[in-house]
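Dropping a prediction and its sequence here:
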Amino acid sequence: MIAIFGLLLAWLALYGSLMLEGHSLAVLSDSNAALFVLGGCVASGLIHFRLTTWQLVWRLFPAIFWFQDRNQKVVAQQLVEWAQQVRRDGYVSLDAQSSQQTDEFLRFGLQLVADGVQPHSLKQSLNARIQSREAQWLLVASFFDALAYYAICIGVLGSLIDGAFYLDTSLSQGWQSLHSLITVFTPVIYGIALSTVFLKPVAGKFRSESLIHRQFESMVLDGFVAIAEGESPIVMQRRLDEY
């Protein structure tokens, strides 16, 4: 939710500062420039990335606004309680717990432990899940990083093209108005604004959340492996507290 607030605040600050300084926003209202930057940015992205990457971005993008908030301290305590339950009632007792979990990673790990999967195989399975999720999110981050780069480059290209036409017209028909000269800079303004106030922050959000989720999932993996190995709940809790 805070990501929505951040994006809105960024754009309001951008336009608000212009209005406070007495500038007319109509100067930057150029649909042709916006279409040039957006269209060029998307076209470059279509060349750069596979269709499957676009589908992945479409699926994961809403998560930037609704990332699941995981309380590591609460989950660590839950892992210790599951270790105590296994010592008391056996691994099969965790089977009922797995169906109650809303977190997909916890549910997957619990099911493996309840099925009596060996610690080595358990660790491999959970590690594969962690690496797969992390690779997807980092790919999405690189997607937005690439589009941010293309947005700036295409904006500069648009301004150079507009500038060339402006100079050509001015030399042949006399100098044009300053308003016409201002429109030369509109594409690069759009490109930089799109890059710095949307694409780059989204890429950074996916990258930082990926690191946070990796830390959480590494703790969960450590806990499940400890349960599968029959480790003492007290020793296990001390180690999980370090996360």
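Structure's in. What do you need?

what's the following helix or strand after the helix or strand residue 9 falls within?
Taking DSSP states H and E as the definition, one finds residue 9 inside helix 2-20. Downstream of helix 2-20, the first helix or strand assigned by DSSP H and E is helix 31-48.

CA atoms of that next one as CSV?
Once non-C-alpha atoms are left out, helix 31-48 reads as follows in CSV (Å, rounded to 0.1, in the frame of the first residue of the first chain):
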residue,chain,number,x,y,z
SER,A,31,0.4,13.8,-26.7
ASN,A,32,2.7,13.2,-29.6
ALA,A,33,5.8,13.3,-27.3
ALA,A,34,4.1,11.0,-24.8
LEU,A,35,3.2,8.5,-27.5
PHE,A,36,6.7,8.6,-29.0
VAL,A,37,8.3,7.9,-25.6
LEU,A,38,5.8,5.2,-24.4
GLY,A,39,5.6,3.6,-27.8
GLY,A,40,9.3,3.5,-28.3
CYS,A,41,9.8,2.2,-24.8
VAL,A,42,7.4,-0.7,-25.3
ALA,A,43,8.8,-1.5,-28.7
SER,A,44,12.3,-1.7,-27.3
GLY,A,45,11.1,-3.9,-24.5
LEU,A,46,9.4,-6.2,-27.0
ILE,A,47,12.8,-6.6,-28.8
HIS,A,48,14.7,-7.0,-25.5
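
ok, then the element right after that helix?
Sequence order places helix 51-60 as the next helix or strand after helix 31-48, per DSSP H and E.

Give the buried residues for that next one.
53, 56, 57, 60 (16 or more other CB atoms under 10 Å). All C-beta atoms are positioned from the backbone trio N, CA, C, and that covers glycine.

Tell me how far the first one lies from residue 147.
For residue 53, the distance to residue 147 (CB to CB, to the nearest Å) stands at 11 Å.

repeat for the third one
Separation of residue 57 from residue 147 (CB to CB): 10 Å.

between those two, what contacts are shared?
Here residue 57 and residue 147 have no joint contacts, going by CB atoms under 8 Å, 6 or more residues apart in numbering.

how much does the one helix or strand residue 124 maps to deviate in direction from helix 51-60?
If you go by DSSP H and E, residue 124 is part of helix 119-173. Relative orientation of helix 119-173 versus helix 51-60 (axes from the mean of the first three to the mean of the last three CA atoms, to 10 degrees): 100 degrees.

what angle do helix 119-173 and helix 31-48 make?
140 degrees.
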